[in-house]
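Engineer: make a model of this:
(2 chains)
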Amino acid sequence: MTLSLCILLASALLAIGAYGVATRKEAVPLLLSVELMANAANILFASFGHFRGGPAGQIFVLFALAITVAEVAVGLALVMLIYRRHGDTALDLASEARQ
Amino acid sequence: MSPITLAVVATLAPAATALLLLVLFPLRHRGMPAAWVTLLGSAISLAASCKLLVDRIGGAADERAVVPWIEERGRAMAEIGVQLDGVSLPMLVIVGVVALCVQLFSVAYMHDEPPRAFGRYFTLHALFLFSMNVVVVAPNLLQLFAGWELVGLTSYLLIGFYFAKPSAAQAAVKAFWMTKLADMGFLFGLLVLYVNTGSFEWTAPTSTVVATWVSALLFVAVVGKSAQFPLHIWLPDAMEGPTPVSALLHAATMVAAGVFLVVRADPLFAQAPATREVMLWIGAVTAVFAAGLALVQRDIKKVLAFSTCSQLGYMVAALGAGNAFAGFFHLGTHAFFKALLFLAAGSVIHAVHSNDLGDMGGLRKRLPITTAAFVIGALSLAGVPGFAGFFSKDLVLTALEGRGGGAPWVMLLAAAFLTAFYMGRVLIKAFWGELSQKAEHAHEGGLSMTGPLVVLMIPSFASGFLGGWLAGQVKAEYHLHLGLTPVLASVMAVAGLVAAVVVFGRGGQAPGARILEKLDAWSLVDRTWATAYRLGLLGVASIAGWIDRYVIDGLMNLTGWSAIEGGASARRLQTGLVRDYALLVVVGVVVLALMGVLR
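Structural biologist: The predicted structure is shown next:
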């Protein structure tokens, strides 16, 4: 297990997330893709922390997870509202932001 | 009081009157009190001028006092003040006497006007007298120009006094336009003078080329103001104003300002023989041309209007011949007898309620004082020996002897004959013959109408004898001699009157009157200017209007349009689709990362 393998894993996760964000039309998969990208960053934090020694990287990941959870809560709430309004979670239906 | 204080009082008393009447509008709207205030102001002004003149006769020297006016780089570029000498003092008194007589006459003549209009009339008179005095006492060309423009403005207001009448409004605008067009010459003349000499003095030393340019440009303004051919067309139209206004504007003051300017700037004109040559010819042509047209006018005021053009032609010709004193002397005598003639005509119009010579006839039986006034004015204008006009006209003719190949001299002698002829025509048609129907109930106006007539009769007859004294004042030479010219001039005057009696005494027509009438009705000069006005001024105005509408406004509209269109296209970036925004975030991240790597 080397640092470069970890960075490669994180990059792969980021790429998968970005692909999901770009292609998915449903709200929930899109949120999941965003989560994947966020976790790619977390893995980088943890691995850099591990290989350089010291607890800072790991502690930072805990904070980031807490924030991500809150963010997901807000995102799911938005998805709920879109579903109530349009009877579907397809994001293309929700273009009210333009007005 | 010092002479300077007196001169300032003489100049500013009418200004104070006008200001008072402008600010205290209830006083102005009352009518008659405004007239008394104006008369008081003019009387103070005249009294101060008379005191100055009396002191001068008593041996007082020339005076000049100036204060800096416009500053340029800490140096006075122009000065404002008073100059009292042999030219300005007699002129101040002439202007004052005529203005006071005219104002007094107006009290009765304008009596039927509503109080507000009556008050406005006298306010304008006060303003006019102030403007004219500014011209007369001016110590340099720039102050003269300021007064000149003030005179132009107030004469516009006075000619257009009956502004509700379209013809009067048009006449006022025409007078304003024609004189303003000519005043461009004055303005450019001042510019050329200042650029070359750095001063506005009469005597600014300069080269012949500069003097020719400046004097030619100034002369353009003179042609306009003094109604010379071909800019004379505004003067006959200006008869739309009240008759006393014509007596003031077209006898002693406004039109005389042009001649006064040349007399003042004589040192400058003396360096420009080419300009003088042009002046000589224009003056002579105007004198004959206008005298011919005066012969066929049916309106008594228009006869006098063309006569004024003609007499101003005499003055301009004299100035062109290099004898400024002859022009100035004729200006002085003409001011008196032409004011008298206009006021007498006003008295006739007041009695008959018509301007038309056809409505008059036999008036000497009803209006004895007016008739006496008109006869004296007419004899003086015709140049009958002994009357004021004879002396000054003789001097003008003598000055012209041998100039320009003798043709101007012959032309002015012919004009002298015509002058006597057309004045004889008016006398016979209006005052002699059968009593006309309209003249049946005519009667003299009150004392305020006959008084000024009687007062003006005196200088109209006698001012000619002051020639020698006036010449001494301006250091000119003046001899009364019995040569060919005075004899010929007298013969012309008497022959003209006799011819008038022979031709018009039996109700005949002047020979050649048909042609002159055609010429008058055709009014070629008038039409030329009307076309020039339409093509030139209105053409430029419509081009300027087009540029304003499509270029200036177009730029404004383009600015607004591009903001609207730019906003509309920028708006398409905002799709409102969450996926697009998310994709943009990702792209942004990638770009940032690439920038980080590639740096």
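
Engineer: residue 26 - how many residues pack around it?
Structural biologist: No chain in the question, so chain A it is. Other residues within reach of A:E26, judged by other Cβ atoms under 10 Å in any protein chain shown, total 14. Quick note: C-beta positions are derived from backbone N, CA and C, even for glycine.

Engineer: oops, I was thinking of chain B
Structural biologist: A count of nearby residues for B:P26, using other Cβ under 10 Å, gives 8.

Engineer: now do the contacts for it.
Structural biologist: Applying Cβ atoms under 8 Å, 6 or more residues apart in numbering or on different chains, we find B:P26 in contact with no residue.

Engineer: host element of it?
Structural biologist: Per DSSP states H and E, B:P26 falls inside helix B:25-30.

Engineer: what average pLDDT does that helix get?
Structural biologist: Across helix B:25-30, pLDDT averages out at 81.

Engineer: for that helix, buried residues please.
Structural biologist: Using 16 or more other Cβ atoms under 10 Å in any protein chain shown as the test for burial, helix B:25-30 gives B:L27, B:R28, B:H29.

Engineer: state the distance from the residue positioned nearest the centre of chain A to A:L65.
Structural biologist: Central residue of chain A (Cα atoms, centre = their mean): A:E35, 1.9 Å from the mean position. Plainly put, A:E35 is 10 Å away from A:L65 if you go by Cβ to Cβ, to the nearest Å.

Engineer: count of neighbours near the nearest residue to B:G31 once chain neighbours are set aside?
Structural biologist: Nearest residue to B:G31 in three dimensions, chain neighbours excluded: B:P115, at 3.0 Å (Cβ to Cβ, 6 or more residues apart in numbering or on different chains). Residues lying near B:P115 (other Cβ under 10 Å) number 14.

Engineer: and B:P115, how far from chain A?
Structural biologist: B:P115 sits 69 Å away from chain A, going by Cβ to the nearest Cβ, to the nearest Å.

Engineer: residues contacting that residue?
Structural biologist: B:H29, B:R30, B:G31, B:M32.

Engineer: surely B:K301 and B:A345 touch.
Structural biologist: Yes - between B:K301 and B:A345 there is a contact under Cβ atoms under 8 Å: 5.9 Å.

Engineer: overlap in contacts, the two.
Structural biologist: B:T243.

Engineer: B:Q83 pairs with what?
Structural biologist: Note on B:Q83: beta-bridge partners B:R64, judged by DSSP bridges.

Engineer: so it makes contact with B:V135?
Structural biologist: No - look at B:Q83 against B:V135 with Cβ under 8 Å: they stay out of range, at 11.5 Å.

Engineer: settle it for me: which of those two has more neighbours?
Structural biologist: Legend: neighbour count by other Cβ under 10 Å for B:Q83 and B:V135, higher for B:V135 (26 against 21).

Engineer: identify the spatial nearest neighbour of that one, chain neighbours not counted.
Structural biologist: Using Cβ to Cβ, 6+ apart, the nearest residue to B:V135 is B:G147, at 3.6 Å.

Engineer: now do B:V222
Structural biologist: B:V222 sits nearest to B:G258 (Cβ to Cβ, 6+ apart), 3.8 Å away.

Engineer: residues contacting B:G189?
Structural biologist: B:W213, B:V214, B:S215, B:A216, B:L217, B:L218, B:V220, B:A221.

Engineer: the single longest helix found in chain A and chain B, are they touching?
Structural biologist: The longest helix of chain A (DSSP state H) is helix A:56-86. No - Helix A:56-86 stays out of contact with chain B when judged by Cβ under 8 Å from any Cβ of the partner chain, the minimum separation being 8.9 Å.
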